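*Asks:* have a look at this prediction, sequence included:
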Amino acid sequence: RREARAMSTLRHRHIVQVMDYGVEQGRPFIVMEYLRGQNLATWQDALGRLPTSAESAQIVLPLCDAFDAAHGAGIIHRDLKPENIFLAEEGDGRSVLKVLDFGLARMDDDTDDATLTRENLVSGTPLYMSPEQCRSLAQVGPATDLYALGCVLTELLQGSPPFGGKSHADVLTQQMFSAPPPLQRTDGSWPIPPLLEKLRLDLLAKRPELRPANVAAVRERFLE
């Protein structure tokens, strides 16, 4: 119900569309647009190399547009990761990015959020969770999606998220306390402009108030 409410509120080219939802014989259901294609994780694995600057822009800019719309509608995703970013094939052979899975989303008018935030419940995907989300879902705002965007950007630029570990607890600890390590680039990769690296590190700031003010600012800085 949470996912359906959030997604049916939004009408955006880069967010998967919900047509209907309800309960049939005690079972909840969602009817969504049918997408043919692959998620970002599968796409990057099949690519066999790091994306070019143009390919990276074709991911980051639509993500910014989608989250600008979501945050403008008072919706925080709270689970952005490559598996929830889908590259859907269109009839003309081109692909269009779609953000999926608003199952952890929070809405400004969400009276059900206490279910997810009770007793400081921690939920999400550790490799892409902001420091504040590692502590509690109750503490997150739009800046937590920006942190996840920084993790996705890092993965585009080096092939892996900023932090890894042998356990979820290890990853969560690094998300909360460790500075982002330098990018690990393969030989022959295109050089990273200093402004882009500064944006990446600002997105991964431990304190939410030190991250960019909003998604529009991220988009503007990325284009720069």
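*Replies:* Alright, I've got the coordinates.
*Asks:* where do the strands sit along the chain?
*Replies:* According to DSSP state E, the chain carries its strands in the segments 18-24, 27-32, 37-39, 75-76, 85-89, 95-99, 106-107.
*Asks:* just the ones you listed: most buried one?
*Replies:* strand 75-76 (a mean of 24; mean count of other C-beta atoms under 10 Å). Yep, even glycine has a C-beta here, placed from its N, CA and C like the rest.
*Asks:* contacts for it?
*Replies:* Around strand 75-76, the neighbours that count as contacts under C-beta atoms under 8 Å, 6 or more residues apart in numbering are 6, 9-10, 70, 102, 105-108, 140-142, 144-145.
*Asks:* mind giving me the ChimeraX select for those, buried ones only?
*Replies:* Here is the ChimeraX selection string for the buried members of those, based on 16 or more other C-beta atoms under 10 Å:
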select :6,9,10,70,102,105,106,107,140,142,144,145
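*Asks:* okay, the strands of the chain in a markdown table with distance to Ser178 and mean pLDDT next?
*Replies:* Listed next are the strands of the chain as a markdown table, based on distance: least, C-beta to C-beta, whole Å; pLDDT from 0 to 100:
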| stretch | distance to Ser178 | mean pLDDT |
| --- | --- | --- |
| strand 18-24 | 38 | 90 |
| strand 27-32 | 37 | 90 |
| strand 37-39 | 27 | 97 |
| strand 75-76 | 24 | 93 |
| strand 85-89 | 25 | 97 |
| strand 95-99 | 28 | 96 |
| strand 106-107 | 26 | 86 |
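*Asks:* now do the same contact list for Glu155.
*Replies:* Listed by C-beta under 8 Å, 6+ apart, the contact partners of Glu155 are 44, 82, 161.
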